[in-house]
Structures are given as structure tokens and as C-alpha cells.
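[1] predicted structure and sequence below. I'll ask about it afterward.
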There are 2 protein chains.
Amino acid sequence: MRPMKVADIGEFGLINELARQARARTGAFERLHGVTVSIGDDAAAWQTDGVQLATTDTLVEGVHFRRDLSSWPDLGWKTLAVNLSDIAAMGGVPQCALVTLALPPDTPLADMSALYDGLCEAAETERVAIVGGDVVGAPVVVITVTLFGAAGAGPDGRPALMLRSAARPGDLIAVTGALGGSAAGLAAAMRSQRPGAGPAVQELLALHRRPRARVREGQALLACGVTCAIDVSDGLVADLGHICEMSCLSANLHAAKVPVHPGVRRLFPEDALRLALSGGEDYELLFTAPAQTLAAARRALGDGLTIIGEMTTGEPGKVRVLDEGGQPLALPKRGWDHFAS
Amino acid sequence: MRPMKVADIGEFGLINELARQARARTGAFERLHGVTVSIGDDAAAWQTDGVQLATTDTLVEGVHFRRDLSSWPDLGWKTLAVNLSDIAAMGGVPQCALVTLALPPDTPLADMSALYDGLCEAAETERVAIVGGDVVGAPVVVITVTLFGAAGAGPDGRPALMLRSAARPGDLIAVTGALGGSAAGLAAAMRSQRPGAGPAVQELLALHRRPRARVREGQALLACGVTCAIDVSDGLVADLGHICEMSCLSANLHAAKVPVHPGVRRLFPEDALRLALSGGEDYELLFTAPAQTLAAARRALGDGLTIIGEMTTGEPGKVRVLDEGGQPLALPKRGWDHFAS
């Protein structure tokens, strides 16, 4: 029997099918977030009170993913995770999401159901309700998620945000977790063309395919009084550059202090630092704060954060990557640019 | 000199360029809607209090538009307008928008600036602030807008919504404006392959290219006590079918009462009724209400609405299109389905 294609059930049929799937998995979170109108009407509606956050991210077939290197559940997971990471970088609380799928008519129905499996799995980790979206025809698969959240609480318990523009001269720069794993995983998979390769590669590939957004860490940092953060999506140096641009400051980044993922050091000993500095898609949180605030953050997060530099006055947007002797290292400033590749 | 392509300035350059353009045109509306974080951070943020609405719509090149039949400013206008129409169908107040552009690297920069011109023009009509979004690479142009709004006010002045699911047996069915113009405009343009054709075609084409969302009408209907509405995007019969499905009712639709656009009658005398019943993309409001509420709506909107049928018990989702003798007309139930075309 020929597998069902999305064209066989049409746009409305597919919307209804995916809505059923999303409701079964995430419908229970609707009440939690005051959702009063979900999938099936002209717009979604929910009760709010305070500060609303919204972010959107898109994955395009052939640009952000290849079907031979990612499974559909992994893609579903990742599309939500990259949005969760944006809310995490503001210290916010994720609430509900709209999902838009642009699809070729011959896309197997089972693939979209598998995509939604991963999407719902990621939604469940943060109690996000999928409350609507759109399905349209297209020559390649384009997945867009818009995620809403509420602001988290600052040290005084009132709604607060972490912003890219809030760094101050003298702030220390710190990052959660370890870097380079996602880019190394992708590089290893593309090199071998066999994603089934050894456990070391599998571990890194998992970081690429199923990144974990640092939602709880973001909220904890905000509660400690951190006011400036960004998530590492474009690459450490590029994202620190965004903080510098928005805060009209420079930064000194000490290369030897950067927490390179141990698996990256093992598999790519020559290239480990470059992958950690500019690989991107780590979805760790990069933030700046005065030493006292950072000490509080360390008490809250334990060993999960590393101090890697400091903010300085000087040319706005300038990131100086320094070696152990304090001498500048030459490195590409930019991270991913899909127009350029 | 070769015209600048988006690849020449990169994703970040383009985001900054379009952000500048959007800020200049719609930045003044940010304060109006309590926006505290706009383009340039991980997420947008705004103050809310009450009921938040969100909707998203996507236009795909080659599926929803052809570059030879639509200008970039028209496309920008339309992508926002179709979202405004969703908020209008809930009786809501549009507030702010996220815009995602998926683009081939060789897209001329001037085209995207022209797209934003139309987008900003539509935003200005309803005081919508463009507060963020995303730019990514893709093989064809895909434009996604997510629009946020606040709930409008019901007869008692408190926040209320119009829903597809709120129709009751015995409700009259009414529609704003005239139907079929958008589909007729597109048909005329495709037939002649010369969008420059006569003024009658131009008038219809304008309806296709620059639809006006019925935002004020939606709010007025809600204030009159109307509780069930949808916008005519898929086609009158298909959209009435959505009301019937969600309200678990049937509907009688009197074909002779349907307000066919006069230009459609002139240009397509044989096909006018079909275009009005199932052409789609009219973005008028279709709603149901008891006779007394409808009388109030007529006082509020004047001649701008037409009673075309009534809701009945019976097979859920069933729309009966009746001729002047009350006999059923055979018509396609479905409107647009881009997987099927």
C-alpha cells in the first residue's frame, strides 16, 4: 500500500490531524497558561497579566537541516528548542506556541506526525501548549515556530528581563555548560556520512539534534540579579558581539578559559577551540554581570558556569579574543550566515 | 552597477536594515501597545493586561503569489492584511507583529525594502508595531507574519471574543461587504497575463492585491453582542462550513442573497456566483447572530452587511446552498487547498 501523503488529506485534514496530536500531548498545559481559544479558530487567545514575550525561529530544508542527517522527531524537537532558548535568554517562562508547516504535497503524512512527536516531546519538557498555526504548500519543508512566554522574576520577585543591551563596563562574562559540541557533532556526521558512527560521535550528534534550552538556568540567573544575557546560537564570539553591539561596549574573551566540550577535544583536537568559539547552535546562555552577582549565580547554578572574560569600554561591538599571554588571536567574527554558505 | 543582493549584506545586515525601516514607520506605535523590547533582542516584550490574541499566516512564492502578478509592496501589505483579518474575525485590537522572511541569497535588497514598504503601510492603517522576526535562507521566498492583539470589548465593555464555535440554531447568517472580487481579479489577471488591463480589472485586482481587513467592523460587531464570526479567506461556503463544524450545526445559505461584487457580475457574468461562493480571499467578515443582535449590527454598520442565511440543527458541518425556490444547488464544498493544486 502506498504511504499516505499530506496531499491525500488536504490542508484542513492535516491541520485537524496534527491538532489532535498536539492536543493529546500538550492540551493539559492550556489551563496552566490561561488559554481560552486553541487550535481551530482564527486566532489563539489566552489570559495574561504582566509582561508578554514572543519569539520566532524558522528551519528550512537544505539550509538548516538535511533529511539524511536529522530524523523528523529530532527536527520537531529542535524547532521548539531553539525558540525555548530565546525565551530562556530573557529569563522568561515559556507558555504556548504557534506552529507553521510549509510542505511539498508529496510529504508523507507519517513524517509530519513524527515531526509533531518531537515537537510535543520538547513542549512537554517545559509545559508549553501548542495552540495553533498554519499549514501551507511549498517546494521544500519550512518549519516556523512562534513561542510566547511570560517574564520571569528578578531578585525582588517582580517581572524582569535579561537584555542584550544591559551589559556594563567591568561586568564579568560567563557562559553555562560546554561549547562546540553541536558543531562538532554535525561536522563528524558530515565527514563520515554515517550517522551511526561510534558513541563519541553519537554523543555530540545528540547535542546537535536535540539541544536542551537552558530555561531553568535563565530564570535562576534573572532571580540572582543578572540583567544581560543572550543564547549561543550563532557562535560564542558572534553572540558576544551582539551583546557588545547592543550595549555599545567591547569585550575581552580569554580563549584558554572557554569551556570546550571534552568530546570535541577528543574528536577534533586541532579544531576544538575554533568549534567552541564559532561553531554555534550550543544554546547555552552567555551573560554578563558584576562579580558579586556572578558569585550569587555560581551559588545557584554550581559548576555549571564558567567565567570567560570581561566587558570593557572601547569600540562598540568589538570582541577581542586573547591567548594566555593576553595577546589577540585572529578569528572569524561572524558565525552562521545562511545567505553566504 | 549590479543591484545589491541580500547575500551582499548577510542575514544580520538585512535584519538591521529592515529593522531600521520598520522602526521609522511603526516605532511610534510601540509605546501605544506597551512594547518594552523590540527588534534586536532574543524575544520581543510588551506589557499586557487581559486577553492576548495571536495568529500567524504564511505566503509562499509559487503557491500563494507569483512575482509577475504581484508587486513586493502589495505582497507585504497582503501578508499583514490576512493576519489583521484573523484578529478582526475575533473582534480584537491588533497590536504588534513578528515578521519572518525566508529568502534566496540572490534576492535583490531593494525588493525586500519594497516588501517592507507595503508591510509598514498596512501596519500603519491599524497602528501595528513591527517588533521582531527572523531572516533565513531558502530556495523560494516564504513570508510569515505572526500578529498579536488584545481582545475587543463586548456590549458590557468587558473583554470578549467572537468564536467560530458560538453559532446557535436559529441564528441569522450575515456577511460584510461584497464577495468574489479578489478571485475575479486574480482570474482576470491570469487570463489576460497583462495586469495593466482596463480599469474594471484593475479595481478587482486591487481587491486581490490589497485586501482591507475589517478590523473596525469586527470590533463594532462584538460591541453589538455578536459572538460568532470568521473571516472569508477560504471561500464563503468553506468558511461557513468551518462555523458549522465548530458549532456542530448545519446552515442554509440563500444563493440569491449573496452580495456578489458588481464588478464580478460585469466581467464574469456566467461565473459570478461561483466566484462569490467559493473564490476566497475576500477577507470580509461572516458572522451569525439572533435577529435582534443583527438589527443592532445593522444600525452600527449601515448598508455594509447582508443577511444570507440561517443556522439550523442537523448534520454538523453541512452547508446547504439553496436557490430562490429553496432547492439545493450543487457546489464544491471546499475552498483553496494548495496541496491539491
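    Sure, I can see it.
[2] centroid-nearest residue for chain A?
    Against the mean C-alpha coordinate of chain A, by Cα atoms, centre = their mean, the closest residue is A:Val82 at 2.9 Å.
[3] that one touches A:Thr56, doesn't it?
    No. At 10.0 Å, A:Val82 and A:Thr56 do not qualify as touching, with contact defined as Cβ atoms under 8 Å. The C-beta positions use only the backbone N, C-alpha and C, and glycine is treated the same way.
[4] so what sits against both of these two?
    Common contacts of A:Val82 and A:Thr56, defined by Cβ atoms under 8 Å, 6 or more residues apart in numbering or on different chains, comprise A:Val145.
[5] which element is the residue nearest to the centre of chain A on?
    helix A:72-89 (DSSP states H and E).
[6] how far off centre is that helix?
    6 Å (Cα atoms, centre = their mean, to the nearest Å).
[7] what's it packed up against?
    Using 3 or more Cβ pairs under 8 Å, 6 or more residues apart in numbering or on different chains; DSSP states H and E, the elements in contact with helix A:72-89 are strand A:44-60, strand A:93-103, helix A:109-125, strand A:142-150, helix A:199-209, helix A:215-223, strand A:228-231.
[8] find the nearest non-adjacent residue to the residue nearest to the centre of chain A, please.
    The shortest distance from A:Val82 to any non-neighbouring residue, by Cβ to Cβ, 6 or more residues apart in numbering or on different chains, is to A:Asp57 (4.7 Å).
[9] ok, A:Leu322 - contacts?
    A:252-255, A:328-329.
[10] ok, which residues in the stretch 101-250 of chain A are in contact with chain B?
    Within the stretch 101-250 of chain A, the residues that sit near chain B (Cβ under 8 Å from any Cβ of the partner chain) are A:102-103, A:105, A:131-134, A:136-140, A:142, A:144, A:146, A:148-149, A:151, A:161, A:163-165, A:230-231, A:246.
[11] go again using 6 Å as the cut-off
    A:102, A:105, A:134, A:136-140, A:142, A:144, A:146, A:161, A:163-164 (Cβ under 6 Å from any Cβ of the partner chain).
[12] for the residue lying closest to A:Pro316 once chain neighbours are set aside, give its distance to chain B.
    Among residues not flanking A:Pro316 along the chain, A:Cys248 sits closest, at 4.3 Å (Cβ to Cβ, 6+ apart). Counting by Cβ to the nearest Cβ, to the nearest Å, the gap from A:Cys248 to chain B is 13 Å.
[13] need the three-state assignment for A:Asp106.
    With DSSP: H, G, I helix; E, B strand; the rest coil as the basis, A:Asp106 sits in coil.
[14] show me what contacts it?
    A:Lys5 (Cβ atoms under 6 Å, 6 or more residues apart in numbering or on different chains).
[15] pull the residues that contact stretch A:178-188.
    Contacts for stretch A:178-188 (Cβ under 6 Å, 6+ apart): A:201, A:204-205, A:207-208, A:236, A:259-261, A:264, A:268, A:275-276, A:279, A:281-282.
[16] how near is A:Val145 to B:Thr56?
    With distances taken as Cβ to Cβ, to the nearest Å, A:Val145 is found 10 Å from B:Thr56.
[17] now swap in A:Gly27 and tell me
    A:Gly27 is 19 Å from B:Thr56, by Cβ to Cβ.
[18] the more surrounded of the two?
    B:Thr56 (26 against 17; other Cβ atoms under 10 Å in any protein chain shown).
[19] mind checking what helix or strand follows the helix or strand A:Leu275 falls within in sequence?
    Element membership of A:Leu275 [criterion: DSSP H and E] is helix A:272-278. Downstream of helix A:272-278, the first helix or strand assigned by DSSP H and E is strand A:285-289.
[20] show me what that following strand is packed up against.
    Packing contacts for strand A:285-289, counted by 3 or more Cβ pairs under 6 Å, 6 or more residues apart in numbering or on different chains; DSSP states H and E, involve strand A:172-176, helix A:215-223, strand A:228-231.
[21] note down every partner strand of it and its orientation.
    Paired strands of strand A:285-289, with direction, are strand A:172-176 (antiparallel), strand A:228-231 (antiparallel) (DSSP bridges).
[22] hey, which of those strands is tucked in deepest?
    strand A:228-231 (a mean of 27; mean count of other Cβ atoms under 10 Å in any protein chain shown).
[23] and the longest helix belonging to chain A with chain B, contact?
    In chain A, taking DSSP state H as the definition, the longest helix is helix A:6-26. Yes. Contact of helix A:6-26 with chain B (Cβ under 6 Å from any Cβ) involves A:6-7, A:10-11.
[24] show me how chain A divides into domains.
    A:6-150, A:159-322 (automatic domain parsing).
[25] any chance of those domains in a markdown table with mean pLDDT as columns?
    Putting these into a markdown table (pLDDT from 0 to 100) gives the following:
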| stretch | mean pLDDT |
| --- | --- |
| domain A:6-150 | 93 |
| domain A:159-322 | 94 |
